[in-house]
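Q: Fold the stuff below for me.
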Amino acid sequence: LTRMDTINDWVTSGAAIGAASSINISNVNDFCTGDTLILDAGTGFTDYLWQDNSTNSTFTATIAGTYWVTVTDSSCSATDSVTITENPLPSVNLGNDIVLCSGMDTLLDAGSGHTAYLWSTGGSTQTITVNIVNPYSVMVTDTNGCSNSDTIAVTVSICDGIEDKFQISSLKFQVFPNPN
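A: You can find the predicted model right below:
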């Protein structure tokens, strides 16, 4: 076999160089978890043979790995391969649902290190402050272009007594005068 160029194209030695000498199954070498990548060997070849012995002109990659195809056109054949990397989805966790006392607000934080944020409110920052009953969701995107989302429900309650649960955990009550 004689190597034709740097994209792993191979032509059978001694064969006439024809259409099969130029094949490129993918210019993309990664995808996000949960996505698929369709590798396309192109049209116009008489035969296709992928690493799993399938014979279509396309192959759907669903996991990371090395994929290859051999195409034949008349008496020429060529092989191209590509190693695909699977990028994990970015982590985002808005926490448990929240109950606020009327008039209070809370800060929702989608976490740092993402390249883009898109909140259901239209916001595009890492954090938003909310005080209205709603489910709030955020989609974050990382440097690989992978996206993930989370949703949190915020409800408001009328808090009017000492039995009410506050989001503030450091409240202390003192009653004066001390009866002792």
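Q: And the residue nearest to residue 72 when sequence neighbours are not counted, what's its pLDDT?
A: Counting by Cβ to Cβ, 6 or more residues apart in numbering, residue 72 lies nearest to residue 47, which is 4.1 Å off, once chain neighbours are set aside. Every C-beta, even on glycine, is put in place using the N, C-alpha and C of the backbone. Looking at residue 47, its pLDDT is 95.
Q: which regions of this structure lie under the pLDDT threshold?
A: 1-22, 161-180 (pLDDT under 70).
Q: Spatially central residue in it, please.
A: What sits nearest the mean C-alpha location of the chain, by Cα atoms, centre = their mean, is residue 146, with 2.9 Å.
Q: For the residue lying closest to residue 32 once chain neighbours are set aside, give me its contacts.
A: Excluding the flanking residues, the one nearest residue 32 by Cβ to Cβ, 6+ apart is residue 146, at 3.7 Å. With contacts defined as Cβ atoms under 8 Å, 6 or more residues apart in numbering, the neighbours of residue 146 are 32, 33, 87, 88, 89, 90.
Q: Now for the last one, how many residues are close by?
A: Spelled out, it's residue 90. Per other Cβ atoms under 10 Å, the neighbour tally for residue 90 reads 22.
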